[in-house]
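Asks: Test case, fold it:
(2 chains)
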Amino acid sequence: AQKVTQAQTEISVVEKEDVTLDCVYETRDTTYYLFWYKQPPSGELVFLIRRNSFDEQNEISGRYSWNFQKSTSSFNFTITASQVVDSAVYFCALSEYSNYQLIWGAGTKLIIKP
Amino acid sequence: DVKVTQSSRYLVKRTGEKVFLECVQDMDHENMFWYRQDPGLGLRLIYFSYDVKMKEKGDIPEGYSVSREKKERFSLILESASTNQTSMYLCASKPRQGRFNSPLHFGNGTRLTVT
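Replies: Prediction:
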């Protein structure tokens, strides 16, 4: 089975709170990539990060961090000290070496209230 | 700056009309994609093209066709629009090398309403 699950449909927090978006995936491939994209209200999906299956190091970029754990098949995304500009829909996606197509999660809508 | 441009941001069409959605990229990318986005369903692939005049069906090709006559342009065609094709349509591209691990570059989307 090929699947990406983002169980949180919508999350609402107050500005400056930390928030974690969950992504759980299923694959039989040993070689794969995981991606996170952000879709602000303007509509254009913006690439945030890519991780390959052989690199389990966590990644930090400013207020954003990603936790990749193969043992739990998860690739979670945390925003520290959230800001209103972080409000968007966030998508997690899986690219398998054996499959040309990206497999997308359903997305998590993040609302940051001032 | 690299760019994927979709010709219309909003479009309203009547049932039965033939609808053309245009997408142009300036990155010399071989691969181009058309997705449909609906709430709760994420992105679903309609068609993709890996070269000029080449096309492959995605997950939901029914009711759609595509055209890729030039490398930079990928058109999505609704032969006879229906109300269940009301949706957000997203075009994307990426280079041939790194087809597996390159991120997609997206346009702003076309919100199509069929009445």
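Asks: what's residue 91 in contact with, if anything?
Replies: Going with chain A. A:Gln6, A:Trp36, A:Tyr37, A:Lys38, A:Gln39, A:Leu45, A:Trp104, A:Gly105, A:Gly107, A:Thr108, B:Gly42, B:Leu43 (CB atoms under 8 Å, 6 or more residues apart in numbering or on different chains). Yep, even glycine has a C-beta here, placed from its N, CA and C like the rest.
Asks: let's do chain B instead
Replies: Applying CB under 8 Å, 6+ apart, we find B:Cys91 in contact with B:4, B:6, B:21, B:23, B:25, B:32-35, B:74, B:76, B:106-107.
Asks: ok, and of those, which contact chain A?
Replies: Checked against chain A using CB under 8 Å from any CB of the partner chain, those give the following subset in range: B:Phe106, B:Gly107.
Asks: C-alpha coordinates for stretch B:61-81, CSV please?
Replies: The C-alpha coordinates for stretch B:61-81 follow below in CSV (Å, rounded to 0.1, in the frame of the first residue of the first chain):
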residue,chain,number,x,y,z
PRO,B,61,-8.2,11.4,-16.0
GLU,B,62,-11.9,10.8,-16.8
GLY,B,63,-13.5,13.9,-18.4
TYR,B,64,-10.1,15.5,-19.1
SER,B,65,-7.6,15.6,-21.9
VAL,B,66,-4.3,17.4,-22.2
SER,B,67,-2.0,18.8,-24.9
ARG,B,68,1.7,19.4,-24.9
GLU,B,69,2.8,20.8,-28.2
LYS,B,70,5.7,22.9,-26.9
LYS,B,71,8.0,22.1,-24.0
GLU,B,72,7.0,25.2,-22.0
ARG,B,73,3.2,24.8,-22.3
PHE,B,74,0.8,22.2,-20.9
SER,B,75,-2.9,22.6,-21.5
LEU,B,76,-5.7,20.9,-19.6
ILE,B,77,-9.0,20.5,-21.6
LEU,B,78,-12.4,19.8,-20.2
GLU,B,79,-14.2,18.5,-23.3
SER,B,80,-17.7,19.1,-21.8
ALA,B,81,-17.6,20.7,-18.4
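Asks: Contacts for that stretch, please.
Replies: B:13-26, B:28-30, B:32-34, B:46-47, B:49, B:51-55, B:82, B:85, B:89, B:91, B:93, B:112, B:114.
Asks: again, only this time at 7 Å
Replies: Defining contact as CB atoms under 7 Å, 6 or more residues apart in numbering or on different chains, one finds that stretch B:61-81 is touched by B:13, B:15-26, B:28, B:32, B:34, B:46-47, B:49, B:52-55, B:82, B:85, B:89, B:91, B:114.
Asks: Give me the below-cutoff pLDDT ranges for the chain.
Replies: You didn't say which chain, so I picked chain A. Within chain A, the ranges that satisfy pLDDT under 70 run A:1-2, A:100.
Asks: To clarify, I was referring to chain B.
Replies: B:1-2.
Asks: Run through the residues of it sitting next to chain A.
Replies: Within reach of chain A by CB under 7 Å from any CB of the partner chain, chain B has these residues: B:40-43, B:45, B:58, B:90, B:99-101, B:103, B:106-109.
Asks: Can you select the buried ones among these for me in ChimeraX?
Replies: Here is the ChimeraX selection string for the buried members of those, based on 16 or more other CB atoms under 10 Å in any protein chain shown:
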select /B:42,43,45,58,90,100,101,103,106,107,108,109
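Asks: quick one: which of the residues of chain B next to chain A is nearest A:Tyr64?
Replies: Closest approach to A:Tyr64 among the residues of chain B next to chain A (CB to CB): B:Pro103, at 15.5 Å.
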